[in-house]
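Asks: Following is a predicted model, sequence given first.
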Amino acid sequence: MKLHQLSLFLENKPRQLRVPSKVLAAAGVDILTLALADTQQFGILRLIVQDWEKARQVLEQAGCVVNVTEVVAIEVPDRPGGLDQILAVVEEADLNIEYMYSFTFHRGDRAILVIRFEDGDAAIAALQANGINVIESVELFKQAKA
Amino acid sequence: MSPFRIENRLWDPPAETMPREQLQALQVTRLRACIARVAKVPFYREAFERLGIVWDSINTLDDLRRLPLTTKQDLREHYPLGFLAVPREQVVRFHGSSGTTGKPTFVAYTAEDMKLWSNMCARFLIAGGLQTHHVVQIAFGYGLFTGGFGLHQGVEKVGAAIVPAAAGNTARQLLLLQDMAPDVLICTPSYALNLAEAVHREGLDPHRLALKFGHFGGEPWTEAMRERIEQDLAIIAFNNYGLSEIIGPGVSGECACQQGMHLQEDHFLVECLDPATLEPVPEGQPGELVITTLTRQAMPVIRYRTRDISTLDYSPCPCGRTTARMSRVIGRTDDMFIVRGVNVYPSQIEEALLRVEGTAPHYLIEISRPGALDEVTVKVELLPGQFSDRMRVMQAFRDKIDREIHSITGIRVNVALVEPQTLERFLGKAVRVIDHRRLQE
């Protein structure tokens, strides 16, 4: 049920982001979504790509520090209250969120939340028990292509 | 840790356990004799005249501070034997520094010096467990370098058996370690590490070698290196200190307690000074060792600036020796930088990084002065295994490095994590500090 996310270490200096972006472009890797966390000293780039193993390989060959993490993708209705409905379940189940980001598809009325939980398995169980649609990766990329 | 135990034995009990007041009285007597001897050296005669010093006016150890300092440069300017204080005919041995930065600096020894020197080496070897029935493999270079012959004479004095393997030829060293079954290894710490690696590469079990302990010196090393040598060779590793300009090995060495190196204070007057102000630093604070030879005949030196940074400890040692102990050399004055009035050594940064798991031994210190105040950035390479997608883990990692550096140096720095393999690698002496302040002046 979980999704593989690639995390990259970036030094906080000009042109750093271009390095992985160039490598992925050359390898023909399609980026579904990304999020960038930054501090004054360094940044962490988080990426969701379909062929994460290939992406990781080309990035590491290029000298990038890459880490693979499992995150949870949740489908939410793209309307006011959509996010809150999910967070209510998270609160109720006493789940810790490390970080999250979201994106929407070209069409449709739904958004996808990507959440890194402290305990991913517990989160999935609690979300599903509350009827929330946790999307697995095959389904996610199928929808993205549609 | 090694299963061997080191007996606490003394070579010269009256000298090594002398009450400190008595030791200081002896030092004053010997200092006066030394000043009478150096008066024959033109460099000192001129310096004394310039400073208006007559030997009769030197009556206490405090008077030492009035005496001129001697630097490596002074020795170079009087190349090759301008510091000789005895007629050339009385010299029985010459040695020299490595001369990595130019011509070697020669030093000379009279027969009396040779006797004193071998006894100094015997003292620290005995303090570090050497006994007459031991076999000792000496893997130091025998030549101008004082290490090989100095230790050789010390071991001979003790009466142990010597395998004079000399430096290099690792395959031969391994053969000797197995077949001659030495109990003791003497070499530089980096060569000991090299031998340890070779032992493992050849599939030898260090526990099956007769080796029990080692005496290592001739270059600065770290506690981390000691741990590795002790573990990988299954021995106890002792540190000793000396420099050819002073006499060679035998200035100080560790006893069984391994809590600092006992300075042979009946032969050397040792000061620990702030290299910038030349004022004494408080006990326990890092400073430059400045050494006066009290008993040397052929080439006595007054207040020689060693450029080695260490700390002194005058507290009594459990072994019973009353002499002051110096810490391992933590840096060189050449590498020191001053930030907001605090003296900092790259080795301190290195020590801090060693305390934090997951850092590579590659770092770079950059100093700048963007406004009125100095700013220090320590660039540290991130090891791939240490990287986390969670920001708080990364921040905690950075904070830990920051805290360790602060606790060791007393200054706050910016810790900048950089990608692995991005800092320059050095084959020889590494450049660890880039001071941008000089460029702005």
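Replies: That came in fine, so what should we check first?

Asks: how about low-confidence regions in the chain?
Replies: With no chain named, the answer covers chain A. A:107 (pLDDT under 70).

Asks: my bad, chain B
Replies: For chain B (pLDDT under 70), the answer is B:1-3, B:98-102, B:360, B:426-430, B:438-441.

Asks: now the residue in the stretch 251-400 of chain B positioned nearest to chain A, nearest residue through space, not along the chain?
Replies: For the stretch 251-400 of chain B and chain A, the shortest gap (CB to the nearest CB) falls at B:Asp389, measuring 3.5 Å. Where you see a C-beta, it was placed from the backbone N, CA and C, and this is true even at glycine. Spatial nearest neighbour of B:Asp389, chain neighbours left out: A:Ser7 (3.5 Å); criterion: CB to CB, 6 or more residues apart in numbering or on different chains.

Asks: isn't that neighbour right next to B:Phe387, touching?
Replies: Yes: in this structure, A:Ser7 is within contact of B:Phe387 by CB atoms under 8 Å, at 7.4 Å.

Asks: what is in contact with these two at once?
Replies: A:Val66, A:Asn67 (CB atoms under 8 Å, 6 or more residues apart in numbering or on different chains).

Asks: okay, now the domains of chain A?
Replies: Domains of chain A are assigned by automatic domain parsing as A:3-69, A:70-145.

Asks: Save these as JSON lines, and put in distance to B:Phe140 and mean neighbour count too.
Replies: Shown next, in JSON lines, are those (distance: least, CB to CB, whole Å; neighbours: other CB atoms under 10 Å in any protein chain shown):
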{"stretch": "domain A:3-69", "distance to B:Phe140": "41", "mean neighbour count": "17"}
{"stretch": "domain A:70-145", "distance to B:Phe140": "55", "mean neighbour count": "16"}
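
Asks: now for the ones you listed, which one comes closest to B:Val378?
Replies: Set against B:Val378 and scored by CB to CB, these come closest in domain A:3-69, at 11.1 Å.

Asks: A:Val29 contacts A:Ile48, doesn't it?
Replies: No: look at A:Val29 against A:Ile48 with CB under 8 Å: they stay out of range, at 11.0 Å.

Asks: which residues sit in contact with the closest residue to A:Asp109 other than its chain neighbours?
Replies: Computed as CB to CB, 6+ apart, the closest residue to A:Asp109 that is not its neighbour in sequence is A:Asp78, at 5.1 Å. When contacts are counted by CB under 8 Å, 6+ apart, A:Asp78 touches A:Thr104, A:Gly108, A:Asp109, A:Arg110, A:Ala111.

Asks: gap between B:Ile349 and B:Ile434?
Replies: Distance, B:Ile349 to B:Ile434, by CB to CB, to the nearest Å: 13 Å.

Asks: So those two - more neighbours on which side?
Replies: B:Ile349 (24 against 15; other CB atoms under 10 Å in any protein chain shown).

Asks: Surely the more buried one is within a strand?
Replies: No: B:Ile349 is assigned helix when assessed by DSSP: H, G, I helix; E, B strand; the rest coil, not a strand.

Asks: Based on its surroundings, how many neighbours for B:Pro318?
Replies: By other CB under 10 Å, 10 other residues sit near B:Pro318.

Asks: thought it was touching B:Cys257?
Replies: Yes: using CB under 8 Å, B:Pro318 is in contact with B:Cys257, at 5.5 Å.

Asks: which neighbours do those two share?
Replies: Here B:Pro318 and B:Cys257 share no contacting residue, scored by CB under 8 Å, 6+ apart.

Asks: Nearest to chain A: which residue in the stretch 101-250 of chain B?
Replies: For the stretch 101-250 of chain B, CB to the nearest CB, closest residue to chain A: B:Ala224, 24.3 Å.

Asks: hmm, back to that, give me the subset of the contacts of A:Asp78 lying in strands.
Replies: If you go by DSSP state E, the contacts of A:Asp78 have A:Thr104, A:Arg110, A:Ala111 in strands.

Asks: Let me see the contact set for the last one.
Replies: When you say that, I think you mean A:Ala111. Residues counted as contacts of A:Ala111 (CB under 8 Å, 6+ apart) are A:Glu75, A:Val76, A:Pro77, A:Asp78, A:Gly82, A:Ser102, A:Phe103, A:Thr104.

Asks: So the fourth one versus A:Val71, what's the distance?
Replies: According to CB to CB, A:Asp78 stands 20 Å off from A:Val71.

Asks: Kindly report the same for B:Arg307.
Replies: 55 Å.

Asks: Okay, now the sheet partners of the longest strand anywhere in chain B, with direction.
Replies: Counting by DSSP E, the longest strand found in chain B is strand B:359-368. Strand B:359-368 sits in its sheet next to strand B:375-382 (antiparallel), strand B:433-435 (parallel), going by DSSP bridges.
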